[in-house]
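Q: would you be able to build a 3D model of this:
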Amino acid sequence: MLHLAAEEPQSPLLPVWPEIVIGLICFSIVFFAFYKKLLPAINKALDERREAIEGGIEKAEAAQTEAQSVLEQYKAQLAEARHEAARLRQEAQEQGAVIIQEMKAEGQRQREEIIAAGHTQIEADRKAAASALRQDVGKLATDLAGKLVGESLQDHARQSGTVDRFLDELEAKAEAAR
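A: A predicted model of the protein is given here:
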């Protein structure tokens, strides 16, 4: 060191040559050790990571393809279900219209039966009332005629003839008035 101090002062920017050589030798040893030991481990880890990523991407693409096919199947089933629902709704509307028409026809038939039965009942009641009225009018007419004529019209044949003749005259007058 004495020898170094005796020489000219050295520039602080330039290193000493023996230190540069020793530094290069140490750097080469460390670089070689890293190159042989550490670099293959790093490359192996990077390769494994790349393969895992590529495998994950392939799995994701496969899953996406499968999801897309499931989505297409779902859409097809949904469209089919909508079509089936529309068809069922249309059938129900048609059946409802048929049922309504049948119910209207049945109601019309029942109404006509009720009206016919009512007309029949009214006609029967009218005939019964006319018969009862004819008998009552006949009895009253016979009693009145007997009082007017002064003789008894109790004979049934005579009474029937008189009553019938009287009622026929009334009916004829009623028809003539129309």
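Q: from now on I want contacts and neighbour counts done on CA atoms only, so please keep to that.
A: Noted.
Q: okay, and residue 118 sits in which element?
A: Assigned by DSSP states H and E, residue 118 belongs to helix 39-149.
Q: tell me how far stretch 63-80 is from the chain's mean position?
A: Chain-centre distance of stretch 63-80: 24 Å, with CA atoms, centre = their mean, to the nearest Å.
Q: output that stretch as PDB, restricted to C-alpha atoms.
A: Extracted C-alpha coordinates of stretch 63-80, given in PDB (Å, rounded to 0.1, in the frame of the first residue of the first chain):
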ATOM      1  CA  ALA A  63     -66.500 -24.000 -20.900                       C
ATOM      2  CA  GLN A  64     -67.600 -21.000 -22.900                       C
ATOM      3  CA  THR A  65     -68.300 -23.200 -25.900                       C
ATOM      4  CA  GLU A  66     -70.400 -25.500 -23.700                       C
ATOM      5  CA  ALA A  67     -72.100 -22.600 -22.100                       C
ATOM      6  CA  GLN A  68     -73.000 -21.200 -25.500                       C
ATOM      7  CA  SER A  69     -74.400 -24.600 -26.600                       C
ATOM      8  CA  VAL A  70     -76.400 -24.800 -23.400                       C
ATOM      9  CA  LEU A  71     -77.700 -21.300 -24.000                       C
ATOM     10  CA  GLU A  72     -78.700 -22.200 -27.500                       C
ATOM     11  CA  GLN A  73     -80.500 -25.300 -26.200                       C
ATOM     12  CA  TYR A  74     -82.200 -23.200 -23.500                       C
ATOM     13  CA  LYS A  75     -83.300 -20.600 -26.100                       C
ATOM     14  CA  ALA A  76     -84.600 -23.300 -28.400                       C
ATOM     15  CA  GLN A  77     -86.500 -24.900 -25.500                       C
ATOM     16  CA  LEU A  78     -87.900 -21.500 -24.400                       C
ATOM     17  CA  ALA A  79     -89.000 -20.800 -28.000                       C
ATOM     18  CA  GLU A  80     -90.700 -24.200 -28.100                       C
END
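Q: per-residue pLDDT, residue 171?
A: Looking at residue 171, its pLDDT reads 81.
Q: what sits up against the helix or strand where it lies?
A: Residue 171 belongs to helix 156-177 when assigned by DSSP H and E. Contact with helix 156-177 is made by 134, 137-139, 141-142, 153, as judged by CA atoms under 8 Å, 6 or more residues apart in numbering.
Q: dump these into a markdown table; add neighbour count and pLDDT as well.
A: Output for these, formatted as a markdown table (neighbours: other CA atoms under 10 Å; pLDDT from 0 to 100):
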| residue | neighbour count | pLDDT |
| --- | --- | --- |
| 134 | 16 | 76 |
| 137 | 16 | 76 |
| 138 | 21 | 72 |
| 139 | 17 | 76 |
| 141 | 18 | 73 |
| 142 | 21 | 71 |
| 153 | 19 | 58 |
